[in-house]
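> I would like the atomic coordinates for the input below:
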Amino acid sequence: MCRVFIGLGGNLGEPLARFLEVRQAFADHPQITVVASSPLYRTAPVGGPAGQPDYLNAVLELATRLPPLELLEYCLELERRGGRRREVRWGARTIDIDLLLVDNLICSTSRLTLPHPHLHERSFVLQPLADLAADLIHPRSGRMVSEILTSLPRAAGDIQLQGAW
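Residues are numbered from 1 along each chain as shown. Have a look, this model is predicted:
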């Protein structure tokens with residue numbers, strides 16, 4: 001079984017409802033086990049068009065035997081089911097599902113880059129990831145997630161909303 005971390009984000013409609021649906025869809029998949037869910041965070045938009053509402057963010061830890069590309073395809077299918085439209089780069093969305101880490105795998109193809117290429121830059125992903133696995137080593141940098149997080153500037157306005165969801 002591979003240890004996998006998935007980032008969830010959304011800022012349109014009911015993001016928490018989408019998160020719950022996605023987590024349940026992972027749990028219902030015969031080759032995926034949901035191991036843990038991070039707390040929820042409300043975060044300011046980073047990049048993209050101005051005037052977006054705040055995002056809801058979380059991270060899921062999964063265990064799976066699915067190959068990374070099959071897992072990516074399943075994530076994209078769950079985004080489609082959740083109403084995701086890819087019209088504007090980094091624009092507002094109902095649900096965003098990012099494959100962050102798959103064990104210590106490092107790969108870079110036209111379809112998939114692991115670890116996620118912006119993971120080390122985004123406190124809105126690193127904080128919920130650190131809540132689940134602070135001592136996890138980033139495969140490219142060799143640094144712990146908690147160390148990378150503390151090296152970033154503190155994001156103004158990011159708020160932990162609740163632990164259990």
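
> helices and strands of the protein: which one has the lowest mean pLDDT?
strand 159-162 (a mean of 81; mean pLDDT, DSSP states H and E).

> Counting neighbours, what do you get for the nearest residue to residue 10 once chain neighbours are set aside?
Spatial nearest neighbour of residue 10, chain neighbours left out: residue 95 (4.7 Å); criterion: CB to CB, 6 or more residues apart in numbering. Using the backbone N, CA and C atoms, a C-beta is placed for each residue, glycine as well. Using other CB atoms under 10 Å, residue 95 has 25 other residues around it.

> for residue 95, phi and psi?
Dihedral angles of residue 95 (phi, psi; degrees, to the nearest 10) stand at phi -160, psi 140.

> Mind jotting down where the strands sit in this protein?
2-10, 32-37, 40-43, 55-64, 96-102, 107-108, 113-114, 159-162 (DSSP state E).

> which residues sit in contact with the residue positioned nearest the centre of the chain?
Nearest to the mean C-alpha position of the chain, by CA atoms, centre = their mean, lies residue 7 at 0.6 Å. Residues near residue 7 by CB atoms under 8 Å, 6 or more residues apart in numbering: 57, 58, 59, 96, 97, 98, 100, 116, 125, 128, 129.
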